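Asks: Following is a predicted model, sequence given first.
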Amino acid sequence: MTDDAGLHSVNLDGVIVDVEEPRTITTQHGESELAELSVRREEDSDPVTVTLWGKWAETGEYVEAGMDIVVTDAKRNDYDGEEGYATTGDSYVIVEPSFLVNVTDIRSWVQCPRMYYLNKISAIPLNYPVVKGTIVHEVFGDLLRGRDLDDAIEDRIEEVGLELGLLGRDAEGVREDVRGNAAAIDGWLSQGTLTDEDQWRSEQLLISRRFGIKGRADAIRRGMPVELKTGKNTRRDPRFQDKIQAAAYALLLREKGVPADTGTLLYTKNTTLDRSEATGDLSPAKEFSIGKGLCDYVVRERNRLAAMEHGMSVPTGYEADANCESCFEQDTCMVVSGRLNQESKAGQIGRAVPEEEREYFERFYEWLEEERRETHREYAKLWEQAPEERSDDDRALIGLEPTERRELPGGRWELHADRTGTAVSKLREGDVVLASDGDPIEGHSELARIERLDPDRVVVTADEPVSFTRLDVYPSELGVDRMLTALHDTVLKGSQRRKDVLFGRTDPAFGTTDETFIDNNAAQNEAVEKAVTAEDLSLIHGPPGTGKTYTIARAIRAMVDRGERVLLSAFTNRAVDNALEALREQGYEDAVRVGTKSGVREDMQDLRLESRGDPEERAAELEEAQVVAATTATCGSRELREQEFDVALVDEASQLTEPNTLAAINRADRFVLVGDHHQLPPVVRSENGLSTSLFERMHDEHPEASVLLTRQYRMAQRIQAFASREFYDGQLRPATAEIAGRTISDLDGVDVDLLSEPLRKRVTLFDVPGDDGHHTDADEAERVGGVVKEFLAAGVDPGRIAVIAPFRAQVAEIERRTPDDVAVDTVDRFQGSSKDVVLVSFVASGSLDGPIFEDYRRINVALTRAKRSLVLIGDAAALRTDERYARMVEWAEK
Ligand SMILES: Nc1ncnc2c1ncn2[C@@H]1O[C@H](COP(=O)(O)OP(=O)(O)OP(=O)(O)O)[C@@H](O)[C@H]1O
């Protein structure tokens, strides 16, 4: 639209290349502010001049070259033959639009930018006002969905039994409190002003690609946002920051074509005030109109926040007119400023932590914010990629056909859809996704959880009955938030001794014991010994199949016998449940599993802590448990953040980022990390130091605290030989002669004479010349299919076979040629598991690029899954171009 010479308005976007300070000029209409930016609209094109007028001129004060900018409804005004644009009265200026800012963050930013920062790093602790606020919000949603008030109150209080119990509250008192607040809602709803035509929606997720804002409005009534506040407000007008919040939702609604121009704030505490004592306007509902000026303000503040995050600077409170004396966060603000030596309008108290700790905090803060930024890029792909492209990229399931819907007790919905086509995706059961009518941004969408994902249908649960035809990956920022909190807790609240060890100022100390814990495996015994006697930390380095889980279970039992309280954690639910299973196998049944119903494995549900019910009973169950098991994410939850343990034992620690590990070990006096840094590293989106685990760092810095398990219980000698030599200095050995000599002829019902000669060997390589396919190799897939058929024909049970391929696309190719009960997946999905027969498809042709080759640790995992037979399928010549793979080919062809 560049040639629209001033006739039409244009939406201009590009990258800022130069900024001029805002200045004031006098025009025929009087004085006016303006700022000029130079913006490159497309790579290699000449920059154009963009003039920002009036209030938008302030943008020039804080933007920098390199930031993205959008100016909507700009008019063209070339000057001296040079292409130029200017804002109009309808324009919005948006800085870094792909950084999706939360509405609630804009609200706290408007209150005080430093409060926004403090909220971000320290998370809200478990406290009664927050829990009560949650209950009232849930009741509000229930009333909108037509539920009976008393039922809703009863149900929602019961739902948070655990939290109330931990806070020492009994249900009776809370009921009274909530009833008081809910009366405001109920009264207002039944005022008679509402008719059947009132269209109500509770909680709607809104994402704006134009303004770079996302959020969930409490409710929408006739297209207008309604926000619920559990506080009081006796003035006629809503509080300013509350208006900002409602205005932000209005802005998001307008983008969807809903002309929202009024906002309502409901201050529920107003109804509980005594009329004879309180003065002012006691009506709970306060309406206000939302004009362009307010919307502009929302966008301008959002821009400041986005620009500050782009520069990764830390707000001081001077950016806004923060009134520190009347701020209830003043003390916290001063302490954080003092400890981290940050400039702050509130001032500082206390002594700063040592320089190295501050640097550590700042380094990780930056890495975590980079991670957040990558998460935001993932959101932007929701609209940058076409549905088919997202589907090809494994980010969405499309072409679904809605079938049944069923209302669940408590007002949620269970929604079914049929799957058409054979598309693959990253989505898994338990994932939170965006369920939409086909267009997750402009159309109708809701957050949903995948309950079941079968080849022909999918079942989700959601708050609203969306008729969905598409499910999208919806990345959560919760992970980043929890990591920041863990970082904060370690640096600002961690004990001196813990920090001395983490920062290399002290060597870890160990006590002694004469006890023998495991009598058939010296390394495992030593690992338990170290774990039990460690005063600070110990590490268990367990290569594939060396009995890590078994050793963990033994160590926990020993700790329990010594009267210690133990936190058992791991990155995935699967690993937590595996460790619990091993613990049960060793006869210990008293652990408590904390996690959601859908996250915890069926056979561990009986150990799961129910959070619903009588507060006192629920809290006692957690507080009295000697062993508590939860994922590291859950360790950062409000409930577990209040719990203390003698020792934290973390499995899969080499797959955890350092801050994720901190989330678990912050809860305990000492810790044991279990892992193997020669297998897969932490999965992160950004490229920085986050991908080095605390396990690996401690292993390097304190080798004396680590014990290497050397005897493996999985692979035949022939299969383990390469990995042992290549990755473990030749130290890995089969634990017994039986294991060393494993072969598929040991399996019941298998007739090896039915196999072709090469497949009778424990390790085989099939040289299949590459077909130059990008992410697939049909010839290889064909060969894999043939080999699988041969194994099946020889009597191998399909459940004993697995196929590993480097790309999802190749996985799909292979799935098409193998029966459903043969597991086919990428390496990352196979870490921690094993099968009798494993096939690896390399998809290598010409050069070795692709995820499996990028990182030797993937190859290590791929080659160490098989117990009895390992079949490699790939282009041998291509593989030989790399030294490591050349050695692999030589070994496999032996
Ligand atoms: N000391 C031991 N004596 C007898 N059996 C053992 C011993 N240690 C481990 N095992 C057995 O070896 C098998 C593998 O152990 P485990 O599952 O603990 O391995 P892991 O190291 O956790 O495996 P992965 O590498 O898959 O994480 C299990 O069947 C376990 O019971």
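Replies: The structure has been received and is ready for your questions.
Asks: does the residue of the stretch 51-200 of the chain found nearest the ligand belong to a helix or a strand, and which?
Replies: Residue of the stretch 51-200 of the chain nearest the ligand, by C-beta to the nearest ligand atom: residue 162 (30.9 Å). Heads up, the C-betas are built off the backbone N, CA and C, glycines and all. For residue 162, the element it lies in under DSSP states H and E is helix 161-166.
Asks: immediately after that helix, which helix or strand?
Replies: Following helix 161-166 in sequence order, the next helix or strand is helix 171-189 (DSSP H and E).
Asks: Alpha carbons of that following helix, as PDB, please.
Replies: What follows is helix 171-189, C-alpha atoms only, in PDB (Å, rounded to 0.1, in the frame of the first residue of the first chain):
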ATOM      1  CA  ALA A 171     -14.600 -24.000  56.100                       C
ATOM      2  CA  GLU A 172     -17.300 -22.300  58.300                       C
ATOM      3  CA  GLY A 173     -15.500 -18.900  58.700                       C
ATOM      4  CA  VAL A 174     -14.600 -18.900  55.000                       C
ATOM      5  CA  ARG A 175     -18.200 -19.600  54.000                       C
ATOM      6  CA  GLU A 176     -19.400 -16.500  55.800                       C
ATOM      7  CA  ASP A 177     -16.700 -14.400  54.300                       C
ATOM      8  CA  VAL A 178     -17.400 -15.600  50.700                       C
ATOM      9  CA  ARG A 179     -21.100 -15.300  51.200                       C
ATOM     10  CA  GLY A 180     -20.700 -11.600  52.000                       C
ATOM     11  CA  ASN A 181     -18.800 -11.000  48.800                       C
ATOM     12  CA  ALA A 182     -20.900 -13.200  46.700                       C
ATOM     13  CA  ALA A 183     -24.000 -11.300  47.800                       C
ATOM     14  CA  ALA A 184     -22.800  -8.400  45.800                       C
ATOM     15  CA  ILE A 185     -22.600 -10.400  42.700                       C
ATOM     16  CA  ASP A 186     -25.900 -12.200  43.200                       C
ATOM     17  CA  GLY A 187     -27.700  -9.000  44.100                       C
ATOM     18  CA  TRP A 188     -26.300  -7.200  41.100                       C
ATOM     19  CA  LEU A 189     -27.200 -10.100  38.800                       C
END
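Asks: I'd assumed residue 611 was in contact with the residue of the stretch 51-200 of the chain closest to the ligand.
Replies: Yes. Here residue 162 reaches residue 611: they are 3.8 Å apart, a contact under C-beta atoms under 8 Å.
Asks: Spit out the residues that contact the two alike.
Replies: Jointly contacting residue 162 and residue 611 under the rule C-beta atoms under 8 Å, 6 or more residues apart in numbering are 618, 639.
Asks: burial of the residue of the stretch 51-200 of the chain closest to the ligand, as a residue count?
Replies: By other C-beta atoms under 10 Å, the residues close to residue 162 number 23.
Asks: That one and residue 610, how far apart?
Replies: Look at residue 162 and residue 610: by C-beta to C-beta, to the nearest Å, they are 8 Å apart.
Asks: which residues are in contact with both of the two?
Replies: Residues touching both residue 162 and residue 610 by C-beta under 8 Å, 6+ apart: residue 618.
Asks: if I read this right, residue 544 contacts residue 723, doesn't it?
Replies: Yes. Using C-beta under 8 Å, residue 544 is in contact with residue 723, at 7.2 Å.
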